[in-house]
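In: the sequence isn't on hand, but the structure is:
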């Protein structure tokens, strides 16, 4: 469970101890529907959108329906909820020096990269959506036709308004 203390209810939740009971409701939101004809899955998670992308990466890793090739890109303006490390997996199309990854994903053999404006070592400096655009731009037309994107987290439009700049946009053929 991942939450951010933003009000009295979540403040109360933050005082719970291991073993305390908590009533929950979920899942909430739209589920993921993957398509085996699009095996290059780009999973983009920002902030609280990181856990759903890790969940989807695990599902793809364990799936027998296709030969999935996920790439997980994560962004955060506060420290990531894990200790980043340099990745052992090379990802063509990712800028040189952008090597910070989520260790769990690297251990699974799932490539991941991190983005932030917070100057974290090995992270892409900028929005996670800009990192996604950089990677997508590096692909051939045929490769792009195999990509399906999933995203979760704060709206890029809201991020752009907060920073006073327009978010990066990229069209992926066949993806709605």
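Out: Looks like it arrived, so ask away. None of the values given here were measured: they were computed from a predicted structure.
In: ok, the residue most central in space within the chain to residue 53 distance?
Out: For the chain, residue 45 is the residue whose C-alpha lies nearest the centre (C-alpha atoms, centre = their mean; 2.7 Å). Here residue 45 is placed at a distance of 4 Å from residue 53 (C-beta to C-beta, to the nearest Å). In this view, the C-beta of every residue, glycine as well, is placed from N, C-alpha and C.
In: for the closest residue to residue 75 other than its chain neighbours, give me the pLDDT.
Out: Spatial nearest neighbour of residue 75, chain neighbours left out: residue 128 (2.9 Å); criterion: C-beta to C-beta, 6 or more residues apart in numbering. Model confidence at residue 128, expressed as pLDDT, equals 95.
In: for residue 128, what are its contacts?
Out: 44-46, 73-75, 115, 153 (C-beta atoms under 8 Å, 6 or more residues apart in numbering).
In: on the three-state scheme, residue 115 is what?
Out: Of the three states, residue 115 takes strand according to DSSP: H, G, I helix; E, B strand; the rest coil.
In: hey, what's it bridged with?
Out: In this entry, residue 115 is beta-bridged to residue 75, residue 124, by DSSP bridges.
In: dump the contacts of residue 128 to JSON lines, plus pLDDT and distance to residue 123.
Out: Below are the contacts of residue 128 laid out as JSON lines (pLDDT from 0 to 100; distance: C-beta to C-beta, whole Å):
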{"residue": "44", "pLDDT": "96", "distance to residue 123": "15"}
{"residue": "45", "pLDDT": "94", "distance to residue 123": "14"}
{"residue": "46", "pLDDT": "92", "distance to residue 123": "13"}
{"residue": "73", "pLDDT": "98", "distance to residue 123": "11"}
{"residue": "74", "pLDDT": "97", "distance to residue 123": "9"}
{"residue": "75", "pLDDT": "96", "distance to residue 123": "9"}
{"residue": "115", "pLDDT": "97", "distance to residue 123": "6"}
{"residue": "153", "pLDDT": "85", "distance to residue 123": "16"}
